[in-house]
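S.K.: can't give you the sequence, but here's the structure:
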């Protein structure tokens, strides 16, 4: 989660409150994949994707409301929406979802070949490992997505202020 806003700064609903955790719903869904129906996992992706879309729209509205010349407003809004959407889609949904999926798949495979534990114990162990991995992967993924966007997409933006994504 991002740092809390400084005194007097506006609180960002999508980054400074509990709402931020909705972006992690798919990672929780992936951790529980071996224990729940696939529809529950897909629902968790729906929650995370809705969070991403809502945050992108919110950042577009905030960019629209920034005082400045009317001529640059459209570009400012477009950059804010695109940057936020791409950053959140990668850093909150795609990369962490894939990572937790692979951590859980690998741990279930290793447990099935290396132990004689009952299937239920292996599944719960896999789920626990997936949940424990979430806080470990968040910051490295966020920083990697920042680097990726700084090295690619953000170089294409017109000379408007770079949005803050994390």
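M.R.: In hand now; what should we look at? Please read all numbers here as calculations on a predicted model, not as lab measurements.

S.K.: helix or strand for residue 26, which one?
M.R.: helix 25-31 (DSSP states H and E).

S.K.: what's the mean pLDDT across that helix?
M.R.: The pLDDT scores in helix 25-31 average 97.

S.K.: give me the contacts around it.
M.R.: Helix 25-31 is contacted from outside by 36, 40-45, 47-49, 51, 93, 96-97, 100-101, 104, 127, 130-131, 133-134, using C-beta atoms under 8 Å, 6 or more residues apart in numbering. (Each C-beta comes from the backbone N, C-alpha and C, glycine too.)

S.K.: ditto for stretch 35-43
M.R.: For stretch 35-43, using C-beta under 8 Å, 6+ apart, the contacting residues are 26, 29-30, 32-33, 123-124, 127.

S.K.: just send those back as TSV, with neighbour count too.
M.R.: Below are the contacts of stretch 35-43 laid out as TSV (neighbours: other C-beta atoms under 10 Å):
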residue	neighbour count
26	27
29	24
30	27
32	20
33	21
123	18
124	15
127	21
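
S.K.: and these, which two are furthest apart?
M.R.: Using C-beta to C-beta, the pair of these lying farthest apart is 26 and 124, separated by 19.9 Å.

S.K.: ok, of the contacts of helix 25-31, which come out buried?
M.R.: For these, a burial check counting by 16 or more other C-beta atoms under 10 Å picks out 41, 44-45, 48-49, 51, 93, 96-97, 100-101, 104, 127, 130-131, 133-134.

S.K.: which of those residues fall in helices?
M.R.: 41, 44-45, 48-49, 51, 96-97, 100-101, 104, 127, 130-131, 133-134 (DSSP state H).

S.K.: which single one of these is nearest to residue 59?
M.R.: Looking across those and measuring by C-beta to C-beta, the closest to residue 59 is residue 51, at 12.6 Å.

S.K.: the closest one reaches residue 89, doesn't it?
M.R.: No: using C-beta atoms under 8 Å, residue 51 is not in contact with residue 89; the gap is 10.4 Å.

S.K.: in terms of contact, does residue 142 touch residue 91 like I think?
M.R.: Yes: Residue 142 is within contact range of residue 91, at 5.2 Å (criterion: C-beta under 8 Å).

S.K.: and the two? Which one has more around it.
M.R.: When residue 142 and residue 91 are compared for neighbours, residue 91 comes out ahead with 23 against 20, by other C-beta atoms under 10 Å.

S.K.: please name the nearest non-neighbouring residue to that one.
M.R.: With C-beta to C-beta, 6 or more residues apart in numbering as the criterion, residue 91 has its nearest non-adjacent residue at 4.1 Å, and that residue is residue 145.
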